[in-house]
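Student: 3D model of this:
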Amino acid sequence: MATIKELKQENKNALRYIHDCYGFDFQKPVTIIKKISKFTAKTIINCLSKEIDRFPAEDYETVLLIRHYNYCNELDNLHAVTCDGDRFTVDVPRGYKYDVGTFYNKRVFEDVRKTRTAYYYIIAQKKEHLYSDASLKPDYTERFDYFPNRYEQYCDGNGNTYFGRIHIARKGTNAEPFEYNTRYKNLKNLSDIIDKSGYIVCEYRSELKRRVCGYKNKKRKNEFLATDYSATVNALDGIFENMKTEIADVVKNIKTYSQARSIERAVDNFAWGLSYFTTYRKRITEKEYDSKQHAESAEQNIRSYLNGAYGALREAINETDDK
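Tutor: Predicted coordinates for the structure are as follows:
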């Protein structure tokens, strides 16, 4: 397990970024783990489970700081993502002033995760120890100027243009302008990026959107957890058992080629339906679905295969040709 001192040596501003943007309190228990090479969400959970007794992922805020190789095979700066159970989120607070980068989109992150990760830090703390309003505290001392003649605009393919990279510099300094990438935010006005006071507003709007998305996801998950699916599972189980008997009865009376082909289609649908039902029952038992909608969609998919199997059985029973 890594230490706070080791992370500070890696990047002296990393702890400040984690504190300011996520509310981590480093005066309270915090877990920091350093790992190498590629990883998955399961890898992260397993690492934390070994370090934290009875680790429940939903009770912890988990941030990853990743150091990876760029396309020139040189080490890049630390880049941040969050890990929430079985998913990674790349839309995280910008950390330029902390020398912490972010990924432009999920595709770039997945490329880094699978092929270009050198090493990474896992930082996790119980949510009850966090400053609840940390990510909403703006830094009123941080102001920027943008350069109207130094920007790129892109087209979304539907005739609409939006701003990509613009050049900004900190107000009141002689620092050189640096690129600020907004390409994947589809912002149509410079005022959506930086206000007249020089405050970068799109960062905090993104944070608010992330919070709303998290709230909605949690609400959908709770609706799923509050629903009893035992009757549905038992009903589907009974349908599959009845279908086994019906298929066996029809097979005994096969007389034509067409009947055999119809039975083949019925068995094929039965097999696919049974496969999806096995997964469905496991995910219902282990409470893995994210929402009622996902669970209901999985049920409808299973029933569509059952309907296909029953339809093929009816054809086999009614088949009279002698091919």
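Student: So which residues of this structure form helices?
Tutor: Using DSSP state H, the helices found in the chain span residues 4-10, 14-22, 41-51, 106-111, 201-225, 230-252, 257-285, 292-318.
Student: Against residue 166, how distant is the nearest residue to residue 214 once chain neighbours are set aside?
Tutor: Excluding its sequence neighbours, the residue lying closest to residue 214 (C-beta to C-beta, 6 or more residues apart in numbering) is residue 84, at 7.6 Å. (Glycine included, C-beta is placed from N, CA and C.) Separation of residue 84 from residue 166 (C-beta to C-beta, to the nearest Å): 30 Å.
Student: which of the two has more neighbours?
Tutor: Shown here are residue 84 and residue 166; by other C-beta atoms under 10 Å, residue 166 has more neighbours (22 against 16).
Student: didn't the residue nearest to residue 214 look like it was pressed against residue 62?
Tutor: Yes. Between residue 84 and residue 62 there is a contact under C-beta atoms under 8 Å: 7.2 Å.
Student: pLDDT at the most centrally placed residue in the chain, what is it?
Tutor: Centroid check for the chain by C-alpha atoms, centre = their mean gives residue 87 as the closest residue, at 3.5 Å. If you check residue 87, the pLDDT there is 86.
Student: Let the chain start at 34 from now.
Tutor: Fine by me, first position is 34 from now on; the one you just mentioned is residue 120.
Student: beta partners of it?
Tutor: residue 117 (DSSP bridges).
Student: what's the neighbour count on residue 337?
Tutor: Neighbours of residue 337 using other C-beta under 10 Å come to 14.
Student: any idea how far residue 265 is from it?
Tutor: Distance, residue 337 to residue 265, using C-beta to C-beta: 15 Å.
Student: same deal with residue 241?
Tutor: Taken as C-beta to C-beta, the span from residue 241 to residue 265 is 37 Å.
Student: Mind checking which of the two has more residues around it?
Tutor: Of the pair residue 241 and residue 265, residue 265 is the one with more neighbours under other C-beta under 10 Å, namely 17 against 11.
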